[in-house]
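Trainee: any chance you can model this:
(one chain, ligands or ions: 1)
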Amino acid sequence: MPKIAGALSLVFVLAGAYLPYDGTLRKEPPAIAAGAAGGAAPSPGLDARARALAGRVIIVDGHVDLPYRLYRSRDKDGKLAENVAERTAMGDFDYPRARAGGLDAAFMSIYVPARYQTEGGARAFADDLIDIVEGVIRSAPDKFARAYSAAEVQRNFAAAKVSLPMGIENGAALEDDLDSLKHFHKRGVRYVTLTHSRDNRICDSSFDDRRTWKGISPFGKRVVAEMNRLGVMIDVSHASDECFRQVVGLSEAPVVATHSSARAFTPGWERNMSDPMIRLLAKNGGVIMINFGSGFVEETSNRQYVARGDAIDAFRRKHKVDRRDPKTRAFIQQYDSAHPFKFASVEAVADHIDHVVKLVGVSHVGLGSDFDGLGDTLPVGLKDASMYPNLFRVLLQRGYSEADIEKISSGNVLRAWRAVEALARPN
Ligand SMILES: [Zn+2]
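Mentor: Residues are numbered from 1 along each chain as shown. Model prediction:
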């Protein structure tokens, strides 16, 4: 979840002439609207190839914030208001759209907001979100399946089911107990994003100026070793640069960035990865999974995104209100109508893939949409889980081979995951 998640604006809605979900199933991926990928000339042959490819290859998305979205949709009796086995009116992900887009495995983000670091209850909250994911799978076992290993993703793909592997977003969920990792590993968690928007007990956050540990804490070093031992992937998205460098030095296994883009396009914004960091990540065998958010991929949108977050924070501090307070909501609405947001294009996301490929080759880049975690800030043509074929079309247009696109869409992250599994020695 980024800083501005959950805030919707009518202004945003007006700007989206993107491809809508068209109800087709996997074997017939969605029609690509002419010019949907940013005004390029329509090319029926390429569209068909992109759709067929999305159906044929495994697509793994590194980060989808569905669990927190469902948590927030609960009514007062704890019942989920949304059934993602069917097409949902809200959000970016559901089964029909995943199928239409060719998405085969969506890492469910078990997102623990930073407030639990001070209020307590982080581990229980993570368990609550894991229960939600298990409930989704239980309620539609013909559509969704758990995935505790890279091999399970492949088996589910063969059985035409959408895998829902899990990653905890914010190591605060471990509280200060290393045994929590064993507990979460047993429950199927296969990556942990070390921190989120604030420094925690493990390490420093890219969004926090305190730099509490100047990288990673002594407890964090033990967490990294224990993750290696258990076979849990280390996710460096959200971590500070210094934390990243220390973690790469400590980890015996490749590390991943499940939803980060290239900082070359958003100068000075630490949440994305710099070129030297991407080189180091590649040397380690890891993968950067590109975040689709307009605020991650485009400099103008990024400035707007950051300014908006700062304005909301300033308002909240001044009036001592939280994000869900009606006063904050009214402020956000007013802010958004005064500052129309600039959406990025599918090409802009492809530019990040190009950039990483030019830096380190095609074996270290993947997809980490951040669907359901970005509010309405996604690019035109990549608004939801049905639209991966739009990105494939741009990559084909740019001369990527189908084998390369398969590496980007799943081969690279599955390789890193298997490497982490192979180095594990849980007993
Ligand atoms: Zn995040």
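
Trainee: mind checking the SS state of residue 176?
Mentor: Following DSSP: H, G, I helix; E, B strand; the rest coil, residue 176 is assigned to coil.

Trainee: just want the phi and psi numbers for the closest residue to it other than its chain neighbours.
Mentor: The shortest distance from residue 176 to any non-neighbouring residue, by CB to CB, 6 or more residues apart in numbering, is to residue 201 (5.8 Å). (Glycine included, C-beta is placed from N, CA and C.) Per-residue torsions, residue 201: phi -70, psi -20 (degrees, to the nearest 10).

Trainee: distance of residue 201 from residue 215?
Mentor: As judged by CB to CB, to the nearest Å, residue 201 and residue 215 stand 13 Å apart.

Trainee: centroid-nearest residue for the chain?
Mentor: The residue lying closest to the centre of the chain (CA atoms, centre = their mean) is residue 63, at 2.5 Å.

Trainee: my read: it touches residue 372, true?
Mentor: No. Counting by CB atoms under 8 Å, residue 63 does not reach residue 372; the two are 9.3 Å apart.

Trainee: buried stuff in stretch 323-341?
Mentor: Judged by neighbour count (16 or more other CB atoms under 10 Å), stretch 323-341 contains these buried residues: 323, 328, 331-332, 335-336, 341.

Trainee: is it correct that residue 291 is in contact with residue 367?
Mentor: No. Here residue 291 does not reach residue 367: they are 9.2 Å apart, not a contact under CB under 8 Å.

Trainee: please point out which parts of the strand or helix carrying the residue nearest to the centre of the chain sit buried.
Mentor: Following DSSP states H and E, one finds residue 63 within strand 60-64. By neighbour count on 16+ other CB under 10 Å, the buried set for strand 60-64 is 60-64.

Trainee: same check on stretch 236-247?
Mentor: 236-247.

Trainee: that stretch - what's its average pLDDT?
Mentor: Mean pLDDT, computed over stretch 236-247, is 98.

Trainee: got the end-to-end distance for it?
Mentor: End-to-end distance for stretch 236-247: 8 Å, by CA to CA, to the nearest Å.

Trainee: Three-state assignment for residue 405, please.
Mentor: Going by three-state DSSP: residue 405 is helix.

Trainee: give the helix, strand or coil label for the nearest residue to it once chain neighbours are set aside.
Mentor: Once flanking residues are discounted, residue 405 sits nearest to residue 395: 5.4 Å by CB to CB, 6+ apart. Secondary structure, three-state DSSP: residue 395 is helix.

Trainee: residue 395 contacts residue 408, doesn't it?
Mentor: Yes. Taking CB under 8 Å as the definition, residue 395 is a contact partner of residue 408 at 7.4 Å.

Trainee: neighbour count: the two, which is higher?
Mentor: Just comparing residue 395 and residue 408: by other CB atoms under 10 Å the higher neighbour count belongs to residue 408, 27 against 23.

Trainee: longest strand anywhere in the protein?
Mentor: With secondary structure taken from DSSP state E, the chain has its longest strand at strand 105-111.

Trainee: what angle sits between that one and strand 60-64?
Mentor: 20 degrees (axes from the mean of the first three to the mean of the last three CA atoms, to 10 degrees).

Trainee: following strand 105-111, which helix or strand comes up?
Mentor: Counting by DSSP H and E, what follows strand 105-111 is helix 115-119.

Trainee: just the buried residues of that following helix, please?
Mentor: 115-117.

Trainee: what is the burial count for residue 179?
Mentor: 9.

Trainee: I should have written residue 138 there, sorry.
Mentor: Neighbours of residue 138 using other CB under 10 Å come to 10.

Trainee: ok but it is inside a strand, no?
Mentor: No. Applying three-state DSSP, one finds residue 138 to be helix, outside a strand.

Trainee: find me the pLDDT at residue 315, would you?
Mentor: At residue 315, the model reports a pLDDT of 96.

Trainee: so for stretch 292-308, mean pLDDT?
Mentor: Mean pLDDT, stretch 292-308: 95.

Trainee: and for stretch 133-147?
Mentor: 98.

Trainee: end-to-end on it?
Mentor: First residue to last in stretch 133-147 (CA to CA) measures 11 Å.

Trainee: ditto for stretch 90-108
Mentor: Distance between the two ends of stretch 90-108: 17 Å, counting by CA to CA.

Trainee: poorly predicted segments of the chain, please.
Mentor: Applying pLDDT under 70 to the chain picks out residues 1-42.

Trainee: so what's the spatially closest residue to residue 402 that is not a sequence neighbour up against?
Mentor: Counting by CB to CB, 6+ apart, residue 402 lies nearest to residue 53, which is 5.8 Å off, once chain neighbours are set aside. By CB atoms under 8 Å, 6 or more residues apart in numbering, the residues touching residue 53 are 102, 389, 392, 396, 402, 405.

Trainee: any idea how far the last one is from residue 427?
Mentor: According to CB to CB, residue 405 stands 38 Å off from residue 427.

Trainee: tell me which of these two has more neighbours.
Mentor: Higher neighbour count among residue 405 and residue 427: residue 405, with 22 against 4, using other CB under 10 Å.

Trainee: roughly how far apart are the more buried one and residue 52?
Mentor: 12 Å.

Trainee: for residue 316, same thing?
Mentor: Taking CB to CB as the criterion, residue 316 is separated from residue 52 by 48 Å.

Trainee: quick one: contacts of the biggest helix by length in the chain?
Mentor: As assigned by DSSP state H, the longest helix anywhere in the chain is helix 299-319. For helix 299-319, contacts defined as CB under 8 Å, 6+ apart pick out 2-4, 7, 265-267, 269, 293-296, 321-323, 325, 327-328, 331-332, 335-336, 339, 341-344, 377.

Trainee: mind listing what's buried in it?
Mentor: Those would be 299, 301-302, 304-306, 308-309, 312, 315-316, for helix 299-319 by 16+ other CB under 10 Å.

Trainee: distance to residue 98 for those residues - can I get that in TSV?
Mentor: As requested, the buried residues of helix 299-319 are arranged in TSV below (distance: CB to CB, whole Å):
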residue	distance to residue 98
299	31
301	26
302	28
304	29
305	26
306	31
308	29
309	29
312	31
315	36
316	35
